[in-house]
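*Asks:* fold the stuff below for me.
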Amino acid sequence: MRTRVSLLIIIALAAVGPAASALESFAAPSAHTPKSQSAPKKKRHHHLRKHRTRPEQSSTKAPVPAITIDRRVDTSDPVVFLTIDDGWNLQEPVPGIMMERQVPFSIFVIQTAARKRPEYFRSLIKAGATIEDHTYDHPYLTRYGLARQRIQVCLPLADFQARYAHRPQLFRPSYGQFNDDTLRAMNSCGLRHLTLWSTEMKEGRLDNADGRLHPGDIVLMHFDWDLQVNLKTFFEMTRDSNLEIGSLESYLVSPPAIRRAAKVPSKPAPSPSPSEPTSPVPPLPTLPLPK
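*Replies:* Predicted coordinates:
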């Protein structure tokens with residue numbers, strides 16, 4: 001019995017041996033067969049990728065133009081300059097006060113405000129004001145691109161020319177904020193002077209280090225509830241300091257030969273008779289956006 005079992009085991013092993021050898025030879029790679037049929041991977045040159053940069057994009061914007069930026073007037077004359085901004089909160093006695101004083105001053109008016117009360121600003125112009133540009137509706141200009149800044153800066157010019165017979169020569173950005181696109185926008189419509197301020201009058205107090213006026217100061221006020229007390233304080237300070245009130249446009253734009261300043265009179269001058277009604281103003285022109 002044992003002999004028979006042993007004989008069967010030997011026969012089985014003899015049969016399995018060639019099959020196993022064949023299986024091994026099928027699984028083993030041939031010397032002439034590639035290991036993988038997929039395309040070989042490209043080497044990554046990490047040392048080159050480190051220094052690879054994007055090609056520079058050419059700028060389409062115009063160069064920044066030469067715009068004069070004035071925070072004060074460079075002069076040795078004993079003169080200061082009065083400017084009043086915005087135009088929404090109008091105080092009715094102000095035109096009469098300025099008519100009595102007969103001094104030059106500049107009003108930087110928002111166009112949308114100027115269109116609400118044109119007769120108010122005409123009365124200020126007759127009292128000695130020169131109307132200047134303070135944007136279309138007082139936005140933060142630095143949040144806008146060039147096209148929208150052009151609308152804000154340039155749109156008031158033709159409207160003020162038609163409405164008040166004066167094309168602004170000075171521009172004051174809302175909140176005093178501007179960037180290179182603001183200067184490009186100004187240049188596109190012929191404005192050359194960006195006018196800021198050196199000190200501000202609030203609630204009857206001068207907002208600077210020593211609380212005094214100095215020659216060449218550009219003083220900022222606003223059309224607001226405290227304008228009357230600010231004007232009263234300002235006139236008293238100019239008188240006590242023996243300072244004159246000058247025309248900002250004469251000092252910044254005009255040749256020196258025709259600069260003018262006015263002393264604050266000790267007694268108000270008599271107010272002139274009411275003026276005739278003005279003719280209607282043509283519709284507001286549109287400004288094409290730059291391509």
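*Asks:* separation between the residue nearest to residue 173 when sequence neighbours are not counted and residue 117?
*Replies:* Distances taken as C-beta to C-beta, 6 or more residues apart in numbering place residue 141 nearest to residue 173, at 5.4 Å, with adjacent residues excluded. Using the backbone N, CA and C atoms, a C-beta is placed for each residue, glycine as well. Look at residue 141 and residue 117: by C-beta to C-beta, to the nearest Å, they are 24 Å apart.
*Asks:* more neighbours: which of those two?
*Replies:* residue 141 (21 against 14; other C-beta atoms under 10 Å).
*Asks:* check contacts around that one.
*Replies:* 135, 149, 152-153, 173-174, 177-179, 181-182 (C-beta atoms under 8 Å, 6 or more residues apart in numbering).
*Asks:* if you set the cut-off to 6 Å instead, what comes out?
*Replies:* 149, 173, 177-178, 182 (C-beta atoms under 6 Å, 6 or more residues apart in numbering).
*Asks:* which SS state does residue 245 fall under?
*Replies:* strand (DSSP: H, G, I helix; E, B strand; the rest coil).
*Asks:* where's the spatially closest residue to it that is not a sequence neighbour, which helix or strand?
*Replies:* What sits nearest to residue 245 in space, not counting adjacent residues and going by C-beta to C-beta, 6+ apart, is residue 103, at 4.4 Å. Under the criterion DSSP states H and E, no helix or strand holds residue 103.
*Asks:* what's the distance between residue 103 and residue 243?
*Replies:* 11 Å.
*Asks:* and if you look at residue 222?
*Replies:* 21 Å.
*Asks:* got it, and residue 195?
*Replies:* Taking C-beta to C-beta, one finds residue 195 at 19 Å from residue 243.
*Asks:* can you give me the helices for the protein?
*Replies:* Along the chain, the segments classed as helices by DSSP state H run 2-27, 46-49, 94-101, 111-116, 118-126, 146-164, 180-188, 227-240, 248-252.
*Asks:* what's the closest of these to residue 82?
*Replies:* Residue 82 lies closest to helix 227-240 among those, at 6.6 Å (C-beta to C-beta).
*Asks:* buried residues in that closest one?
*Replies:* Using 16 or more other C-beta atoms under 10 Å as the test for burial, helix 227-240 gives 227, 230-231, 233-235, 237-238.
*Asks:* measure residue 254 to residue 170 for me?
*Replies:* With distances taken as C-beta to C-beta, residue 254 is found 12 Å from residue 170.
*Asks:* actually residue 193, sorry about that
*Replies:* 5 Å.
*Asks:* so between those two, which is more surrounded?
*Replies:* Neighbours per residue (other C-beta under 10 Å) separate residue 193 from residue 170, with residue 170 holding more: 23 against 19.
*Asks:* report how many residues lie close to residue 187.
*Replies:* 17.
*Asks:* check contacts around residue 116.
*Replies:* Residue 116 touches nothing, counting by C-beta under 6 Å, 6+ apart.
*Asks:* no wait, residue 164
*Replies:* residue 131.
*Asks:* if we can go back for a sec, and of the helices of the chain, who's closest to residue 77?
*Replies:* Residue 77 lies closest to helix 248-252 among these, at 8.3 Å (C-beta to C-beta).
*Asks:* for that closest one, what is the average pLDDT?
*Replies:* In this model, helix 248-252 carries a mean pLDDT of 96.
*Asks:* packing partners for it?
*Replies:* Applying 3 or more C-beta pairs under 6 Å, 6 or more residues apart in numbering; DSSP states H and E, one finds that helix 248-252 contacts no other helix or strand.
*Asks:* one step back: okay, the helices of the chain in JSON lines with distance to residue 204 next?
*Replies:* Below are the helices of the chain laid out as JSON lines (distance: least, C-beta to C-beta, whole Å):
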{"stretch": "helix 2-27", "distance to residue 204": "100"}
{"stretch": "helix 46-49", "distance to residue 204": "66"}
{"stretch": "helix 94-101", "distance to residue 204": "14"}
{"stretch": "helix 111-116", "distance to residue 204": "24"}
{"stretch": "helix 118-126", "distance to residue 204": "21"}
{"stretch": "helix 146-164", "distance to residue 204": "30"}
{"stretch": "helix 180-188", "distance to residue 204": "32"}
{"stretch": "helix 227-240", "distance to residue 204": "4"}
{"stretch": "helix 248-252", "distance to residue 204": "22"}
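*Asks:* ok, of those, where does mean pLDDT dip lowest?
*Replies:* helix 46-49 (a mean of 44).
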